[in-house]
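> Test case, fold it:
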Amino acid sequence: MKRSFGIFICTILSFTFAIAQTNQTKSGLSFIGVGDMMLGTHFPSTQYLPPNNDPWPLLKEVQPVFAEADIVFGNLEGAFLDEGAVFKRCKDTTKCYAFKTPTSFAPTLKKVGFNLLNLANNHIRDFGPAGLRKTTAILDSLEIPFAGLESKPTDILEFENYKIGLCGFAPNTGTVQIGDIDNAVRIVKELKEKCDYVVVSFHGGAEGKDHQHVTRQTEIFYGENRGNVYEFAHAMIEAGADIVFGHGPHVPRSIEIYKDRFIAYSLGNFCTYSRFNLSGANALTPVIQIWTETDGSFVRGKIHSFHQIKGAGTFPDPSKQVLHKIKDLTRIDFPELKDRLVIDGDGDFYMPFEKPIKSMGISSPKATTISAQTLKPIS
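Numbers count the residues shown, from 1 in each chain. Got it, this is the predicted structure:
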């Protein structure tokens, strides 16, 4: 009987905290982050383009979720280019993973809702200076801010009365280096002086199903130093970042709340029509939404569960596999967040005992706050 009552009370408290925190988000912005995007490539063959050369069916299922957020971020893999020779070294061009997406596909990113893009990754220079010039020119014409290149390390989006700064980092040529943490700290500090919010993007960490955990160590993959993403993300928060969106491993990784700021260590693949492995965890597609206060601090979040169906696009996943995956990885990788970070069965996550929560009238009418000091988790 005592156990049943305890479970009941814990459920009511969680419900109360969720409602209370929802009502605290009205003053700040909400952000959505997704991982790698490549909407189809006509290199090495047009067979790798979606039917009717139309990328919209790949993305249309996610648009209603994107519409719920103020800011939508993603990582653009590859170049927008119609004609041009491959720049990436390939022993066999028929097996070369170099991505050249038709320029006519680019407006789809604007249509679905993206207003921040990262270009710091290993595919943005697949078609050399020509591909890079065309891609940046198109994004400029669409008025989608982007960052992460040596030639453009940062950008700023003006949204309503806010300035949102973006910077991107990767271990690849022509990008702002993830391994140079001192330089990254300098960039973030300077951006914070100009902006209300700072979003940091990184393309780092080893790839694939064998590298789903945050090791807190430097990760070497194919002989390349992919950075210590744990050390990097923490340094970015300490420098003034409000949100850190990671990608690169092609699989989801854990999430963390550090110093009241949100970190996603890998957002996996989001919409990769062809030439990408979509088996197992590689097909799991988190669409993570974060609500903030006006100072950028974390209020609550939600993991919207999607998955990719090869040859079809990105679709909601009723089985919520990516939610269960991220929940398990976070429990294992960040045991210090046990009993602090709550991730429920609907994908909502919050930290109910970290700071006072405004009463919603469920407790005594005289009570004005629920304090972390007066309530403890029920074991």
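> so how far is Ala170 from Cys271?
Per CB to CB, to the nearest Å, Cys271 is found 20 Å from Ala170. Heads up, the C-betas are built off the backbone N, CA and C, glycines and all.
> likewise Ile303?
Counting by CB to CB - Ile303 and Ala170 are separated by 25 Å.
> And these two? Which one has more around it.
Set side by side, Ile303 and Ala170 show more neighbours around Ala170, with 28 against 25, by other CB atoms under 10 Å.
> wait, the more buried one sits on Val176?
Yes: between Ala170 and Val176 there is a contact at 7.4 Å, judged by CB atoms under 8 Å.
> Mutual contacts of the two, please.
Ala120, Gly148 (CB atoms under 8 Å, 6 or more residues apart in numbering).
> can you pull out the helices in this structure?
Counting by DSSP state H, the chain has helices at residues 2-22, 56-59, 63-66, 107-112, 128-142, 181-194, 229-239, 321-333.
> Return the set of residues that bridge with Ile309.
Beta-bridge partners for Ile309, by DSSP bridges, are Gly313.
> What distance do you get for it to Met351?
34 Å.
> So, low pLDDT: which residues of the chain?
1-26, 91-95, 355-379 (pLDDT under 70).
> what residues are up against Phe105?
Per CB under 8 Å, 6+ apart, neighbours of Phe105: Leu39, Gly40, Asn53, Pro55, Phe80.
> Also Glu158?
Glu158 neighbours (CB under 8 Å, 6+ apart): Ile164.
> now swap in Ile164 and tell me
Here Ile164 is in contact with Leu29, Ile71, Leu116, Ile156, Leu157, Glu158, Cys195, Asp196, Tyr197, Val198, Val199 (CB under 8 Å, 6+ apart).
> Any idea which of the helices of the chain gets closest to Phe221?
Between Phe221 and the helices of the chain, the tightest spacing by CB to CB is seen for helix 229-239, at 11.9 Å.
> any idea of the angle that closest one forms with helix 321-333?
90 degrees (axes from the mean of the first three to the mean of the last three CA atoms, to 10 degrees).
> Against which helices or strands is helix 229-239 packed?
helix 181-194, strand 197-203, strand 243-247, strand 255-258, strand 261-264 (3 or more CB pairs under 8 Å, 6 or more residues apart in numbering; DSSP states H and E).
> So which bits of it are buried?
Using 16 or more other CB atoms under 10 Å as the test for burial, helix 229-239 gives Val229, Tyr230, Phe232, Ala233, His234, Ala235, Met236, Ile237, Ala239.
> now, which of these sits nearest Asp180?
Phe232 (10.0 Å).
> Tell me the spatial nearest neighbour of Leu58, not counting adjacent residues.
Nearest residue to Leu58, sequence neighbours excluded (CB to CB, 6 or more residues apart in numbering): Gly313, at 3.4 Å.
> swap in Thr103?
Phe80 (4.9 Å).
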